[in-house]
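K.L.:
Structure of the sequence below:
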Amino acid sequence: MTENRPTDVDADEGTGTGTDGYTGADLFTDALEAYGVDYVFGNPGTTELPIMRALGDADLEYVLGLHEDVAVGMAAGYAQTRRYHSHRDDSIRPVGVVNLHVAPGLAHGLGNLYDASVTGAPLVVTAGNHATDFRHEEPILSGDLEAMADQYCKWSAEVLDVAALPTMLRRAFRVALTPPTGPVFLGLPLDVTMAETDAEPERLGPIPTAGSGDEREIDRAADLLADAESPVLVVG
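P.N.:
Below you'll find the model as predicted:
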């Protein structure tokens, strides 16, 4: 799949979105590394070129899927395996990351995105999109990515300004990892990933637990009960 505007990724003059400085794509890969990601699964197109270039300079390993649904399935399976092992090792962050290409690429991945939503796989799905200042041309392969993914995600959004990228990436990972875990989606327009920025990835912070109970709060409750002279339990 290709976008009929290849000059976007080479437009270093007169656009304010040159690729010589630190860009949204660089921030994206730096955030992934900071959040404990080792692998990025995907099937790229022209709108993902800034991210592919940034991945080439990062310590992340890119795993190419020959079909988008295969890439999503690999990322979800990886996340589920990580989640299983994280029960025994708190240092493991069980999240899978997959990057797709505009509307048809995301559409091809919806089968395994649905599966991830049913199984609760902690998955961060991203897709490149046409530049925001080009969409009035109704370019080929365009579509409402946010709405397309929303029905199968805990949270679905699109980053429309590079200044919002750090906060939205942090939120995406926290939502995916917070129980009940599940997939989230972020659209990444070409002009956002090419835009220069001096922002840094935001600290992810501790992820709350659920289901069997937050261990820290359980310990605190046990201490309160042990120290209480006349404890009363109201259950119901």
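
K.L.:
drop to CA atoms for contacts and neighbour counts, all remaining ones
P.N.:
Fine.

K.L.:
could you pull out the helices for this protein?
P.N.:
Counting by DSSP state H, the segments of the chain that form helices are 24-34, 49-56, 68-86, 102-108, 110-119, 145-150, 165-177, 190-194, 215-227.

K.L.:
Low-confidence regions, this structure specifically.
P.N.:
Residues of the chain meeting the criterion pLDDT under 70: 1-20, 85-92, 210-213.

K.L.:
Find the nearest non-adjacent residue to Cys192, please.
P.N.:
Actually, residue 192 is Val rather than Cys. Excluding the flanking residues, the one nearest Val192 by CA to CA, 6 or more residues apart in numbering is Val162, at 5.1 Å.

K.L.:
swap in Val98?
P.N.:
For Val98, the spatially nearest residue (CA to CA, 6+ apart) is Phe41, at 4.5 Å.

K.L.:
Settle this for me: that neighbour is touching Gly65, isn't it.
P.N.:
Yes - Phe41 is within contact range of Gly65, at 6.9 Å (criterion: CA atoms under 8 Å).

K.L.:
what sits in contact with each of the two?
P.N.:
Ala71 (CA atoms under 8 Å, 6 or more residues apart in numbering).

K.L.:
related to what we said a few turns ago, so what's the residue count around the residue nearest to Val192?
P.N.:
When neighbours are counted by other CA atoms under 10 Å, Val162 registers 23.

K.L.:
Nearest the geometric middle of this protein, what residue?
P.N.:
The C-alpha lying nearest the average C-alpha coordinate of the chain belongs to Val124 (CA atoms, centre = their mean; 3.2 Å).

K.L.:
contacting residues for that one?
P.N.:
95-98, 172-173, 176, 183-186.

K.L.:
Pairing-wise in the sheet, spell out the partners of it.
P.N.:
Taking DSSP bridges, one finds Val97, Val184 as the beta-bridge partners of Val124.

K.L.:
can you redo the helices of the chain as CSV with mean neighbour count and distance to Val235?
P.N.:
Below are the helices of the chain laid out as CSV (neighbours: other CA atoms under 10 Å; distance: least, CA to CA, whole Å):
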stretch, mean neighbour count, distance to Val235
helix 24-34, 22, 41
helix 49-56, 19, 52
helix 68-86, 22, 31
helix 102-108, 22, 46
helix 110-119, 19, 31
helix 145-150, 18, 37
helix 165-177, 21, 29
helix 190-194, 29, 51
helix 215-227, 12, 14
